[in-house]
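> What follows is a predicted protein model with its sequence.
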Amino acid sequence: MKANTKPDDFGLPKEVIERSKMLHQKGPKVPLEKKRQVILGARRNTKKILSPWTIGLGAVAALLLGIIFLQGIQNQASTSPAHTYASMDQEDWIIDNYASPFDKDAYLYDINPKEVEEINWSWASNMAMQEEEIDLLIEKWSLEMTENEFYNLYNL
Amino acid sequence: MMQKKKNISDLEILEAFKGNPEAGMKLFLDKFERPLFVHLRSILRVDEDTEDAYQNTCVKIYLHLDRYKGKSSLYTWAYRIATNEALGLLRKRKNTLSESDSVLKSHKAASSVDYDFLLNVFHEAIDQLPSRQQLVFQMRYYGNYSYADIARFTERSVGGLKANYHHAKKKIEEHIKSKTL
């Protein structure tokens, strides 16, 4: 399904918009049929690389790395409890974990601390929380709107 | 030249893939290679990035097609992989965007209508958007996708996408104003 709306021209001349669209709609430089050899070769190459020996060695290596990693976490936990999520500032934590470097500044300036406090942080700090849910929340805070205003604005 | 089978069904592709992965993938490419490329191009604009993303997408699809569960159509599944690939490249591109990449520093339009300059300003404004806003803006503006389609490809809510697009537009407008006034 395609959108049926007239795009905004941002006050730019028609020629500029047309050239921009042309650049976004150009065909491939190399015919796509030629790319097929590389694409179809991927599976053959993978098959060759993944012999039982490779898989076995990989599993052993992964196990060793896992043990080292877990030991590292245990050591860190016992020597520097200040790095746990619970002790971090909640706003910093969410920004550090979910915002891109560009976004961080914007969020730091836009977030309304009062609304941030209202969030259920034990839920938000669950790593299983979806990135888009975090984005939506941040979007809402950054607009400093009530939930109803936010939902009305975007016809949710 | 052999005519491409664009009307082939998902089921036929999957059946062929089960019997012979290479033959199944060829059928998949017959149907989807062009649309996937066009989709990636509308987001990435740059030749090299688009071709890299296209190749990575197709390789991922080829290596994982046997794990496709049929919860969505093959088209949605493939576009989702392509969109994620494009988002990854946009993020990488943003991290490597340095000051020297900007051709606009201390440059003002030489003549009353300098199309190259304005085109650069426009593209710079897009490139400076946060990756997700950039992705949504380009899919909507250049790819002409509906919010419902973008939501399917990105697994996000339509409302969130509208918010992304709205912010992207505002930032682009502000950037163009700051560079041209």
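Arrived safely, thanks for sending. As the structure is a computational prediction, the values presented were derived from the model and not from experiment.
> for chain B, which spans come out with low pLDDT?
B:1-6, B:95-112 (pLDDT under 70).
> and residue B:33, which of the three is it?
At residue B:33, secondary structure determined by DSSP: H, G, I helix; E, B strand; the rest coil is helix.
> wait, what's in contact with it?
Taking Cβ atoms under 8 Å, 6 or more residues apart in numbering or on different chains, we find residue B:33 in contact with A:32, A:35, A:36, B:58. Bear in mind the C-beta positions are built from the backbone N, C-alpha and C, glycine included.
> Which of those residues ranks first by neighbour count?
If you count neighbours using other Cβ atoms under 10 Å in any protein chain shown, the busiest of those is residue B:58, which has 28 neighbours.
> residues contacting that one?
A:35, A:39, B:29, B:33, B:36.
> Which ones among these lie within helices?
Using DSSP state H, the members of the contacts of residue B:58 that fall in helices are A:35, A:39, B:29, B:33, B:36.
> If we only consider those, which is nearest to residue A:14?
For these, the residue nearest residue A:14 by Cβ to Cβ is residue B:36; the value is 29.6 Å.
> Which residues are in contact with that closest one?
B:54, B:57, B:58, B:78, B:79, B:82.
> do residue B:25 as well
Residue B:25 touches A:39, A:40, A:43, B:17, B:61, B:62, B:65, counting by Cβ under 8 Å, 6+ apart.
> again, only this time at 6 Å
residue B:62 (Cβ atoms under 6 Å, 6 or more residues apart in numbering or on different chains).
> could you say which helix or strand contains it?
Per DSSP states H and E: residue B:25 is located in helix B:21-44.
> list the buried ones in that helix?
Buried residues in helix B:21-44, defined by neighbour count with 16 or more other Cβ atoms under 10 Å in any protein chain shown: B:21, B:24-33, B:36-44.
> same question, stretch B:166-178
Neighbour-count burial for stretch B:166-178 flags B:166, B:167, B:168, B:169, B:171, B:172, B:175, B:176 (criterion: 16+ other Cβ under 10 Å).
> Stretch B:11-30 spans what distance, first to last residue?
15 Å (Cα to Cα, to the nearest Å).
> who in chain B is up against chain A?
B:22, B:33, B:37, B:42, B:45, B:47, B:55, B:58-59, B:62, B:115, B:118-119, B:122, B:130, B:141-142, B:144, B:146, B:149, B:156, B:159-160, B:162-163, B:172-173, B:176 (Cβ under 6 Å from any Cβ of the partner chain).
> Just the buried ones among those residues, please.
In these, burial by neighbour count holds for B:33, B:37, B:42, B:45, B:55, B:58-59, B:62, B:118-119, B:122, B:130, B:141-142, B:144, B:146, B:149, B:156, B:159-160, B:162-163, B:172, B:176, counting by 16+ other Cβ under 10 Å.
> Those residues in helices, which ones?
Per DSSP H, those map to helices at B:33, B:37, B:42, B:55, B:58-59, B:62, B:118-119, B:122, B:141, B:149, B:159-160, B:162-163, B:172, B:176.
> touching chain B at all, stretch A:19-34?
Yes: remark: stretch A:19-34 sits within contact range of chain B at A:19, A:20, A:23, A:24, A:28, A:29, A:32, by Cβ under 6 Å from any Cβ.
> quick one: buried residues of that stretch?
In stretch A:19-34, the ones that count as buried by 16+ other Cβ under 10 Å are A:19, A:20, A:24, A:28, A:32.
> how about those in JSON lines, adding pLDDT and secondary structure?
Putting these into JSON lines (pLDDT from 0 to 100; DSSP: H, G, I helix; E, B strand; the rest coil) gives the following:
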{"residue": "A:19", "pLDDT": "92", "secondary structure": "helix"}
{"residue": "A:20", "pLDDT": "93", "secondary structure": "helix"}
{"residue": "A:24", "pLDDT": "91", "secondary structure": "helix"}
{"residue": "A:28", "pLDDT": "87", "secondary structure": "coil"}
{"residue": "A:32", "pLDDT": "87", "secondary structure": "helix"}
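> Now do the contacts for residue B:92.
With Cβ under 6 Å, 6+ apart, residue B:92 has no contacts at all.
> so which helix or strand takes in it?
Using DSSP H and E, the element containing residue B:92 is helix B:74-96.
> Quick one: work out the angle between that helix and helix B:21-44.
50 degrees (axes from the mean of the first three to the mean of the last three Cα atoms, to 10 degrees).
> the domain parsing of chain B - what is it?
B:1-96, B:98-181 (automatic domain parsing).
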